[in-house]
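Chemist: sequence first, then the predicted structure:
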Amino acid sequence: MKDTCPIYYWAKETPEKIAIEAGSVKLSYRTLNRRVACLAQQLARKGFVPGDRLVVPAKGSLESLLLAWACLRVGVIFCPLNPAFPVTQQLGLAKRLRAGRVCQTESDNDYASKLTPITLDFREEADAGEPPALDGSQLCNTIFTSGSSGTPKAVLHRVANHLASARGSAVVIPVDQNSGWLLSLPLFHIGGYAIPFRVFMAGGRVILDGDPQTLPARLEQQSITHLSLVPTQLWRLLKAGLTPKSTQLRELLLGGAAIPAPLVVQMAFLGLTPKVSYGLSEMASQVCTGIPTAPGVVGRPLPGREVRVVEGEIQVRGETLFCGYLNNGEVDPALNDQGWFATRDKGHFTTEGALVVEGRLDNGFISGGENIQPEAIEQRLVDHPGVAQALVVPVPHPEWGERPVAFIDWHGEAVTEQAISAWVREALPGFMVPDAWLAWPPGVGFKPSRRQFAELARAHVNFAV
């Protein structure tokens, strides 16, 4: 099944409507359509054919976004990588993709002839010609998983996955022609790659995140109506004095960490109740979305998604389900006989049918014969009014096997270890109270690595008798 490219559609319907804001640069749908058309023609002239893979170290620049949609029109598989990755790591990932060419929209690395660089003119325009169609069955992009529980895997998607994802998302997070969604997540993350689909399908605006202004100033001065954040970012906005009434915000989506109850209460009091979401790369972003009514509750499955829980493990399938993991030219569907994907996430359903996510099965550990799920401790910690974010990892213990150690990021004045221990003990069994407390390390990205935190904890904490 083929769909008309939404950029082309809106270029005909509302040609002067702004499609992308990138600092002082504003592209109308007409101009965006012409630039994407020209880039698609350039790719074709360079010999790219459907199914070819193009490596793009890309976070979220205008050039990267234009290239992503040009690849959609040509059928080239857009393979974004984190530009911050070392060159050796990028080359290793490119080798697994069997990609031979790279376009450096946001980097100037020397790949020592192992990847052939291509250059494109991102300002040139051309007529789109015949209405460009997006073939739903066409392979279109890869997203590398975080690798938090092993080697990063290349998640391979079809065009139809993203179209279905955007349509289902719009049921609970409406987007229209007056919407402006800040691209606050990188294109190499599924949450970032999904945003332009949601916006362009509705004829709205994608607002790029490269503006030198601070986020509070941008929210007060720009027409940002939709925003995706992790909880600690929202805490910082509130601490800076920002209120929803001083912005044009209509929709706020929280994810990436345990959602603090005090944060939800404060936002609701200010007139904007955030939504929470459960999603994964393998399902092209959102699976469930809803109002955070209790710890771990992420709402009901969105249209086009199916969710079930088997022996405590969340399994998913549906229109947004990926093609499989791409590795050295082979695609591993990674599904069971009924087409379900086992997420390795632990969860259950409420009596109302909402999904509750309890944490990663891989994160659980045993301490003195007791099962400990770190996310349960983290949720209790972030419910403390002074905690912005928390992460709990196991550290070897000579008597108990492993014991929990907690990293705390305080957004208010830090309390004593005795006080925070008592806070945890009020809601959880004594064996789940962390044995040591460490300060949140500097320079942590929006998605902390449990493996790195565990290594850091073991370097600072020694329970040897």
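Modeler: The structure has been received and is ready for your questions. Numbers count the residues shown, from 1 in each chain.
Chemist: please count neighbours and contacts with C-alpha atoms only from this point.
Modeler: Will do.
Chemist: and Phe407, what does it touch?
Modeler: Going by CA atoms under 8 Å, 6 or more residues apart in numbering, Phe407 touches Ala390, Leu391, Val392, Trp437, Leu438, Ala439, Trp440.
Chemist: for PyMOL, write the selection for the buried entries among those residues.
Modeler: The buried residues among the contacts of Phe407 can be selected in PyMOL (16 or more other CA atoms under 10 Å) with this line:
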select buried, resi 390+391+392+437+438+440
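Chemist: in CSV: the contacts of Phe407, plus secondary structure.
Modeler: Shown next, in CSV, are the contacts of Phe407 (DSSP: H, G, I helix; E, B strand; the rest coil):
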residue, secondary structure
Ala390, strand
Leu391, strand
Val392, strand
Trp437, strand
Leu438, strand
Ala439, strand
Trp440, coil
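Chemist: what about the closest residue to Leu428 other than its chain neighbours, helix or strand, and which?
Modeler: Nearest non-adjacent residue to Leu428, counting by CA to CA, 6 or more residues apart in numbering: Ile377, 7.8 Å away. Applying DSSP states H and E as the criterion places Ile377 in helix 374-382.
Chemist: hmm, who's touching that helix?
Modeler: 258-261, 295, 358-360, 363-364, 387-393, 404, 420, 423-424, 427-428, 432-433.
Chemist: rerun that using 6 Å as the cut-off
Modeler: Helix 374-382 is touched from outside by Ala258, Pro260, Gly359, Gln389, Ala390, Leu391, Val392, with contacts defined as CA atoms under 6 Å, 6 or more residues apart in numbering.
Chemist: reformat those as CSV; add distance to Met201.
Modeler: Output for the contacts of helix 374-382, formatted as CSV (distance: CA to CA, whole Å):
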residue, distance to Met201
Ala258, 30
Pro260, 32
Gly359, 33
Gln389, 34
Ala390, 36
Leu391, 37
Val392, 40
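Chemist: closest to Gln89 among the residues you listed?
Modeler: Gln89 lies nearest to Leu391 out of these, by CA to CA, at 26.3 Å.
Chemist: how is Glu220 assigned, secondary-structure-wise?
Modeler: helix.
Chemist: please enumerate the helices of the stretch 151-300 of the chain.
Modeler: Ranges of helices within the stretch 151-300 of the chain are 159-172, 190-202, 215-221, 231-239, 261-269, based on DSSP state H, counting those that start in this stretch.
Chemist: so where's the stretch 351-465 of the chain uncertain?
Modeler: 465 (pLDDT under 70).
Chemist: please redo it, this time with the cut-off set to 90
Modeler: Applying pLDDT under 90 to the stretch 351-465 of the chain flags residues 411-414, 443-449, 463-465.
Chemist: break down it into its helices, ranges please.
Modeler: 374-382, 417-427, 450-460.
Chemist: how about the second one: buried residues?
Modeler: Neighbour-count burial for helix 417-427 flags Ile420, Ser421, Trp423, Val424, Arg425 (criterion: 16+ other CA under 10 Å).
Chemist: same question, the last one
Modeler: Neighbour counts over helix 450-460 (16+ other CA under 10 Å) mark Arg450, Phe453, Ala454, Ala457, Arg458 as buried.
Chemist: just put the residues you listed in TSV and tack on distance to Lys12.
Modeler: Formatted as TSV, the buried residues of helix 450-460 follow (distance: CA to CA, whole Å):
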residue	distance to Lys12
Arg450	48
Phe453	51
Ala454	53
Ala457	57
Arg458	59
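Chemist: now do the end-to-end distance for stretch 118-127.
Modeler: End-to-end distance of stretch 118-127: 22 Å, with CA to CA, to the nearest Å as the criterion.
Chemist: what does stretch 433-441 give?
Modeler: 21 Å.
Chemist: and the contacts of that stretch?
Modeler: By CA under 6 Å, 6+ apart, stretch 433-441 touches Pro404, Val405, Ala406, Phe407, Ile408, Asp409.
Chemist: verify the contact between Leu208 and Leu185 for me.
Modeler: No. Using CA atoms under 6 Å, Leu208 makes no contact with Leu185, being 9.7 Å away.
Chemist: what about Asp176, distance to Phe200?
Modeler: 9 Å.
Chemist: per the record, what domains does this structure have?
Modeler: 1-362, 364-460 (automatic domain parsing).
Chemist: just say which of these is most tucked in.
Modeler: Among the domains of the chain, the stretch with the highest mean neighbour count (mean count of other CA atoms under 10 Å) is domain 1-362, at a mean of 19.
Chemist: run the chain-centre distance for it.
Modeler: 7 Å (CA atoms, centre = their mean, to the nearest Å).
Chemist: show the contacting residues for Leu115.
Modeler: So Leu115 contacts Gly100, Arg101 (CA under 6 Å, 6+ apart).
Chemist: and if we set it to 10 Å?
Modeler: Shown in contact with Leu115 (CA atoms under 10 Å, 6 or more residues apart in numbering): Leu54, Val55, Leu91, Ala94, Lys95, Ala99, Gly100, Arg101, Val102, Cys103.
Chemist: now render these as a markdown table, adding distance to Gly445 and secondary structure.
Modeler: Shown next, in a markdown table, are the contacts of Leu115 (distance: CA to CA, whole Å; DSSP: H, G, I helix; E, B strand; the rest coil):
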| residue | distance to Gly445 | secondary structure |
| --- | --- | --- |
| Leu54 | 26 | strand |
| Val55 | 23 | strand |
| Leu91 | 22 | helix |
| Ala94 | 23 | helix |
| Lys95 | 26 | helix |
| Ala99 | 27 | coil |
| Gly100 | 29 | coil |
| Arg101 | 28 | strand |
| Val102 | 25 | strand |
| Cys103 | 25 | coil |
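Chemist: closest one of those residues to Leu234?
Modeler: Val55 (32.7 Å).
Chemist: how about the contacts made by that closest one?
Modeler: Val55 touches 77-81, 90-91, 93-94, 97-104, 115-117, 142, counting by CA under 10 Å, 6+ apart.
Chemist: tell me the confidence at it?
Modeler: At Val55, the model reports a pLDDT of 98.
Chemist: list just the nearest of the contacts of Phe407 to Tyr111.
Modeler: Trp440 (34.7 Å).
Chemist: quick one, phi/psi of the closest one?
Modeler: For Trp440, the backbone dihedrals (degrees, to the nearest 10) come out as phi -60, psi 130.
Chemist: what helix or strand is the closest residue to Val56 other than its chain neighbours on?
Modeler: Among residues not flanking Val56 along the chain, Pro80 sits closest, at 4.7 Å (CA to CA, 6+ apart). Element membership for Pro80 (DSSP H and E) is strand 77-81.
Chemist: who are the packing partners of that strand?
Modeler: Helices and strands touching strand 77-81, by 3 or more CA pairs under 10 Å, 6 or more residues apart in numbering; DSSP states H and E, are strand 53-57, helix 62-74, helix 87-97, strand 139-144, strand 154-158.
Chemist: which SSE is Glu106 in?
Modeler: With DSSP H and E as criterion, Glu106 is part of no helix or strand.
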